[in-house]
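In: sharing a sequence plus its predicted fold:
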2 protein chains.
Amino acid sequence: MDEFSFIQSIKQHSYKQSSLIKGVGDDAAIIRQSSEDVVVAVDTFVENVHFSKETTEPYHIGHRVLAANISDMAAMGATPAFYLVSIVLSKHYSSKEVEEIFEGMRSIANRYGMDLIGGDTVSGQEMSISVTVIGYVSQKRARYRSDAREKDIVFVTGTLGDSQAGFHILNNASTYQDETYYIEKHQQPIPRVEFAKRLEEIDRVALNDISDGIGNEAAEIAEASQVTLHLFEDKIPTSASYSQFPSELQEKWKLFGGEDFELVGTVSKDKWTYVQEAANDIGIPVTEIGYVSQYKNNYVYLHKDNRHIPLKKDGYNHLK
Amino acid sequence: MDEFSFIQSIKQHSYKQSSLIKGVGDDAAIIRQSSEDVVVAVDTFVENVHFSKETTEPYHIGHRVLAANISDMAAMGATPAFYLVSIVLSKHYSSKEVEEIFEGMRSIANRYGMDLIGGDTVSGQEMSISVTVIGYVSQKRARYRSDAREKDIVFVTGTLGDSQAGFHILNNASTYQDETYYIEKHQQPIPRVEFAKRLEEIDRVALNDISDGIGNEAAEIAEASQVTLHLFEDKIPTSASYSQFPSELQEKWKLFGGEDFELVGTVSKDKWTYVQEAANDIGIPVTEIGYVSQYKNNYVYLHKDNRHIPLKKDGYNHLK
């Protein structure tokens, strides 16, 4: 298949977003938006770093790549609207498999009414997929990491460690409770766009999405806000059957395991009821897991067994 | 250098664009624009496909990668404002060389007052650089390929084939006239942003940038507009000393050689004087090279020695 045919095959026949002026088919795409701010982020996924052919179906690669980008939008309080896909195609993937990657992206894009409006395809030695996502946020409602304040409550959506548990199940054949649940959390995570959007009425919320583990994400909030975040180890929410895994893996996954795409945030105490009601309305769990103090020696402390341990920024660091 | 330090090293200390609300440092960047439309494009460059360590200095890789993206903005009639860089780092490039790539991008970005507002860095087997560029265009002034009309004049900016000539000089040691000129056209091409912007007063102009050779770009205009473009071979502008190269290479480079980043366009006859004056004002050549007819059997004909030869879409096709 040549590049032209390929682009035709992934091109949408119609677009959903009314702010789109020009989609795929010229030198660039054009959007028109006047009342809301435009939010833009880029993420790149590389074969054998972020995914491998052995453990991830092409469809799920597509889903996860776009989910990671959508999660960045959620973490900004933004609604995703468009995506552009630049893909380096390697010989390890057939045309059919590449189409499945795009199908995986399309499935989650459709959930949010997002349109594919551009991209690029080139061939190379190793597959990599770079996604640009564009969304909208109401003026003065972008959610910055730098907005945590002393005495705020620290909260997290959903349950942590599930994606890593799913990955573990896929790689270690055995009998597990809720096997499908964990695998689905790994293969087809759903970012918390609706929840972030529901918080729009609150003036100030600090938000970050958990792509690299809560340890790392909490540290990013603390550092940007110049405060210290205190997390209670026993309050970090996990799934009911999570205790079936070895305890050292449980701890590792829930603190440093990436790609849960839940949100960690801080909000003032008087808004905490509102946050709980918002989560309740859309049917997702939200849990208070700690508090914010003045900056004291470290950005994040994990309170465990009556000790408080400085948590290092210890997420997945690709340049290490 | 870890990812955090790397991002700090390439982060701008201040931003030039007044529409920027949030730059590097959170989950996404935010821009606010109400009067103009937002234009977005993505291009990916892969080691050993688009550039190689042997023939291209890191600084020039950076320059050319961003120039290609800026050229897409010019081809839309848009003014570039922002860029995001997702880079897959390979071991073939040292930290210092990667910094030089970013310096090359910064040098051409500064020419247009563009800000680097986001990106991603990951490591892999082969270097690839994916750039997202965002610009602005006045409403109803985007320049589409589909806007060519019967009886239009076909024009081109600058001279063609120079970039390929520069590449040839770099790879074939000998004595050449205007050696530095050709090499610079290859290593540091300057897209035609100012010229495209100057055409804003004209209602309708079809534009495309010449990244893959005029044969291919003319065909894209013709196909999108459902017309036929006639090009006169002897009118295609080349540099004064271009005749020093073997004649078959001259023809190949000027028709199918990529990366000149000139613009090919069509405009009605009564606007042709205005187009010439615009080019004259900013000191660049613009040349009438043909005309547009009703669609007849082929999208592009090359008129040469009293024959008219159907030109195939024969640019660089990465999926072939």
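Out: Received it, and whenever you're ready, just let me know what you need. Residues are numbered from 1 along each chain as shown, chains lettered A, B, ... in the order given.
In: contacts, neighbours, all on C-alpha from now
Out: Fine.
In: can you pull the buried residues of stretch A:242-261?
Out: By neighbour count, and taking 16 or more other CA atoms under 10 Å in any protein chain shown as the criterion, the buried residues in stretch A:242-261 are A:242, A:249-251, A:253-261.
In: how about low-confidence regions in chain A?
Out: Under the criterion pLDDT under 70, the flagged ranges of chain A are A:1-4, A:313-320.
In: for it, what spans make up the helices?
Out: Counting by DSSP state H, chain A has helices at residues A:3-10, A:58-75, A:95-111, A:162-171, A:179-187, A:193-198, A:214-225, A:247-256, A:272-281.
In: and the last one, how far out from the chain middle?
Out: Spelled out, that is helix A:272-281. What separates the centre of helix A:272-281 from the centre of its chain is 21 Å, taken as CA atoms, centre = their mean, to the nearest Å.
In: now swap in the third one and tell me
Out: Mean C-alpha position of helix A:95-111 versus that of the full chain (CA atoms, centre = their mean) differs by 18 Å.
In: if we can go back for a sec, which pair of the buried residues of stretch A:242-261 spans the longest distance?
Out: A:Leu249 and A:Phe261 (18.8 Å; CA to CA).
In: coming back round to it: which one of the helices of chain A lies closest to B:Arg307?
Out: For B:Arg307, the closest of the helices of chain A is helix A:3-10, at 29.0 Å, according to CA to CA.
In: residues in contact with A:Thr55?
Out: Taking CA atoms under 8 Å, 6 or more residues apart in numbering or on different chains, we find A:Thr55 in contact with A:Leu170, A:Asn171.
In: roughly how far does it sit from A:Leu170?
Out: Using CA to CA, to the nearest Å, A:Thr55 is found at 7 Å from A:Leu170.
In: any chance of the buried residues of stretch A:242-261 in JSON lines, plus distance to chain B?
Out: Shown next, in JSON lines, are the buried residues of stretch A:242-261 (distance: CA to the nearest CA, whole Å):
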{"residue": "A:Tyr242", "distance to chain B": "29"}
{"residue": "A:Leu249", "distance to chain B": "26"}
{"residue": "A:Gln250", "distance to chain B": "27"}
{"residue": "A:Glu251", "distance to chain B": "25"}
{"residue": "A:Trp253", "distance to chain B": "22"}
{"residue": "A:Lys254", "distance to chain B": "21"}
{"residue": "A:Leu255", "distance to chain B": "20"}
{"residue": "A:Phe256", "distance to chain B": "17"}
{"residue": "A:Gly257", "distance to chain B": "18"}
{"residue": "A:Gly258", "distance to chain B": "15"}
{"residue": "A:Glu259", "distance to chain B": "15"}
{"residue": "A:Asp260", "distance to chain B": "16"}
{"residue": "A:Phe261", "distance to chain B": "12"}
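In: and which of those is nearest A:Ile129?
Out: Proximity to A:Ile129 was ranked across these by CA to CA; first place goes to A:Glu259, at 16.6 Å.
In: mind listing what the closest one touches?
Out: With contacts defined as CA under 8 Å, 6+ apart, A:Glu259 is in contact with A:Ala68, A:Ser163, A:Gln164, A:His186, A:Pro189, A:Ile210, A:Ser211, A:Asp212, A:Gly213.
In: so which of these wins on neighbours?
Out: Each of these was scored for neighbours by other CA atoms under 10 Å in any protein chain shown, and A:Ile210 scores highest at 29 neighbours.
In: excluding its backbone neighbours, what's nearest it?
Out: Leaving out its chain neighbours, the residue that sits closest to A:Ile210 by CA to CA, 6 or more residues apart in numbering or on different chains is A:Phe261, at 4.9 Å.
In: one more: A:Phe167?
Out: In space, not counting the residues next to it along the chain, A:Phe167 is nearest to A:His186; the distance is 6.2 Å by CA to CA, 6+ apart.
In: enumerate every residue touching the one you found.
Out: So, once contact is read as CA under 8 Å, 6+ apart, A:His186 ends up touching A:Asp162, A:Ser163, A:Gln164, A:Ala165, A:Gly166, A:Phe167, A:Glu259, A:Asp260.
In: can you tell me how far A:Tyr144 sits from chain B?
Out: When distances are taken as CA to the nearest CA, to the nearest Å, A:Tyr144 and chain B turn out to be 7 Å apart.
In: was I right about that residue contacting B:Val24?
Out: No - applying CA atoms under 8 Å, one finds A:Tyr144 not in contact with B:Val24, separated by 11.7 Å.
In: mind checking which of these two has more residues around it?
Out: A:Tyr144 (24 against 20).
In: okay, and the beta partners of the closest residue to the more buried one other than its chain neighbours?
Out: In space, A:Tyr144 comes closest to A:Ala206 once its chain neighbours are excluded; the distance is 5.4 Å by CA to CA, 6+ apart. Beta-bridge pairing of A:Ala206, defined through DSSP bridges, involves A:Thr266.
In: run a quick neighbour tally on A:Ala206.
Out: For A:Ala206, the count of nearby residues is 26 (other CA under 10 Å).
In: settle this for me: it is touching A:Val267, isn't it.
Out: Yes - counting by CA under 8 Å, A:Ala206 does reach A:Val267; the two are 6.8 Å apart.
In: what's the overlap in contacts for these two?
Out: For the pair A:Ala206 and A:Val267, residues contacting each of them under the criterion CA under 8 Å, 6+ apart are A:Ala148.
In: what separation do you get for A:Ala165 and A:Arg64?
Out: Counting by CA to CA, the gap from A:Ala165 to A:Arg64 is 16 Å.
In: higher neighbour count, those two?
Out: The residue with the greater number of neighbours, taking A:Ala165 and A:Arg64 and applying other CA under 10 Å, is A:Arg64; the counts read 28 against 24.
In: what sits against the more buried one?
Out: A:Arg64 is in contact with A:Met105, A:Gln187, A:Gln188, A:Pro189, counting by CA under 8 Å, 6+ apart.
In: of these, grab the buried ones for ChimeraX.
Out: If you want just the buried ones from those in ChimeraX, going by 16+ other CA under 10 Å, the selection is:
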select /A:105,187,188,189
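In: could you export the contacts of A:Arg64 as TSV, including distance to A:Ala278?
Out: Below are the contacts of A:Arg64 laid out as TSV (distance: CA to CA, whole Å):
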residue	distance to A:Ala278
A:Met105	28
A:Gln187	26
A:Gln188	23
A:Pro189	20
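In: can you get me a residue count around the closest residue to chain B within the stretch 151-300 of chain A?
Out: Residue of the stretch 151-300 of chain A nearest chain B, by CA to the nearest CA: A:Asn208 (7.3 Å). Other residues lying near A:Asn208 total 30 when counted by other CA under 10 Å.
In: how about it, nearest residue that isn't a chain neighbour?
Out: Ranked by CA to CA, 6+ apart and with sequence neighbours excluded, the top spatial neighbour of A:Asn208 is A:Ala75, at 4.9 Å.
In: so that neighbour sits right up against A:Ile221, yeah?
Out: No - assessed by CA under 8 Å, A:Ala75 is found out of contact with A:Ile221, at 11.4 Å.
In: and the strands in the stretch 1-150 of chain A?
Out: Assigned by DSSP state E, counting those that start in this stretch, the strands in the stretch 1-150 of chain A fall at A:20-22, A:29-31, A:37-46, A:79-89, A:115-123, A:128-137.
In: and those strands as JSON lines, adding distance to B:Ala196?
Out: Output for those, formatted as JSON lines (distance: least, CA to CA, whole Å):
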{"stretch": "strand A:20-22", "distance to B:Ala196": "18"}
{"stretch": "strand A:29-31", "distance to B:Ala196": "16"}
{"stretch": "strand A:37-46", "distance to B:Ala196": "25"}
{"stretch": "strand A:79-89", "distance to B:Ala196": "24"}
{"stretch": "strand A:115-123", "distance to B:Ala196": "22"}
{"stretch": "strand A:128-137", "distance to B:Ala196": "26"}
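In: what about the ones you listed, which gets the closest to B:Val98?
Out: Of those, nearest to B:Val98 by CA to CA is strand A:37-46, at 17.0 Å.
In: keeping just the C-alphas, turn the closest one into PDB.
Out: Presented in PDB, the C-alpha positions along strand A:37-46 are these (Å, rounded to 0.1, in the frame of the first residue of the first chain):
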ATOM      1  CA  ASP A  37      -8.700  28.000  25.100                       C
ATOM      2  CA  VAL A  38      -6.900  25.500  22.900                       C
ATOM      3  CA  VAL A  39      -4.900  22.800  24.700                       C
ATOM      4  CA  VAL A  40      -2.200  20.800  22.900                       C
ATOM      5  CA  ALA A  41       0.100  17.900  23.900                       C
ATOM      6  CA  VAL A  42       2.300  15.300  22.200                       C
ATOM      7  CA  ASP A  43       3.300  11.800  23.300                       C
ATOM      8  CA  THR A  44       5.500   9.300  21.500                       C
ATOM      9  CA  PHE A  45       5.400   5.500  21.900                       C
ATOM     10  CA  VAL A  46       8.200   3.300  20.700                       C
END
